[in-house]
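Participant: need coordinates for the below:
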Amino acid sequence: MLGVCFTIIDDENDKDKFEELYLKYRHRMYAIAYSILRNSHDAEDAVGHAFLSVANNFKKISLFSCQELEAYIVIIIRNTSINIFNQNKKRSERNTEMDDNISESSDILEKYEYKRVVEKISGLPESYKDVFLMYYVLGFSSNEIAEMFRISKSAVWKRLERGKKILKKELDNDEQCV
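Facilitator: Numbering: from 1, shown residues only. From the prediction side, this is the model:
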């Protein structure tokens, strides 16, 4: 596993840092993956895919604080595991997935106080919250998020759009109460 990731990372110092990160988080990542997948082989696959995402974005995430890095790791492994779970479920049920259309919505982050927005984001469903945090707080592009979560770019935009609608509704409700 480390060997594949090391081929992605060029700098020797970064390889050492990545190895430290791997040793620190691999067991926790496996536990999270196993709790979702309930299958050791799939959990190992999820950890492998998650570390590949980490390696692909190592230059960017190496700038994160300890808390941001830990949050990033948890989000990546959880979403990777959920994606594998969903793929397995789809495969077994032979369901087809409908395409999501991208639609534009106004950016509510500029209209409301930052602190209130952050509080409301934390109350969003996890799939919306994770995409929001990755996009708006950690600064990843929609393409990077789609690749990390193993979802389509349109799914990223749809989650952002739906999250914005929920967020806007919550913030408007707060304003009416004041």
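Participant: what about residue 64, which SS state?
Facilitator: Applying DSSP: H, G, I helix; E, B strand; the rest coil to residue 64 yields a three-state assignment of coil.
Participant: isn't it right up against residue 138?
Facilitator: Yes. Here residue 64 reaches residue 138: they are 7.4 Å apart, a contact under Cβ atoms under 8 Å. To be clear about C-beta, it is placed using only N, CA and C from the backbone, and glycine gets the same treatment.
Participant: more neighbours, these two?
Facilitator: Taking other Cβ atoms under 10 Å, residue 64 and residue 138 do not tie; residue 138 has more neighbours (19 against 14).
Participant: residues in contact with the more buried one?
Facilitator: By Cβ atoms under 8 Å, 6 or more residues apart in numbering, residue 138 lies in contact with 64, 68, 72.
Participant: how near is the closest residue to the last one other than its chain neighbours to residue 82?
Facilitator: If I follow you right, that is residue 72. Leaving aside its sequence neighbours, residue 72 sits nearest to residue 61 (Cβ to Cβ, 6 or more residues apart in numbering; 5.8 Å). According to Cβ to Cβ, to the nearest Å, residue 61 stands 20 Å off from residue 82.
Participant: also residue 52?
Facilitator: Between residue 52 and residue 82 the computed distance is 17 Å (Cβ to Cβ).
Participant: mind checking how far the lowest-mean-pLDDT helix or strand in the chain is from the chain centre?
Facilitator: Ranked by mean pLDDT, DSSP states H and E, the weakest helix or strand in the chain is helix 114-122, scoring a mean of 74. Offset of helix 114-122 from its chain centre (Cα atoms, centre = their mean, to the nearest Å): 18 Å.
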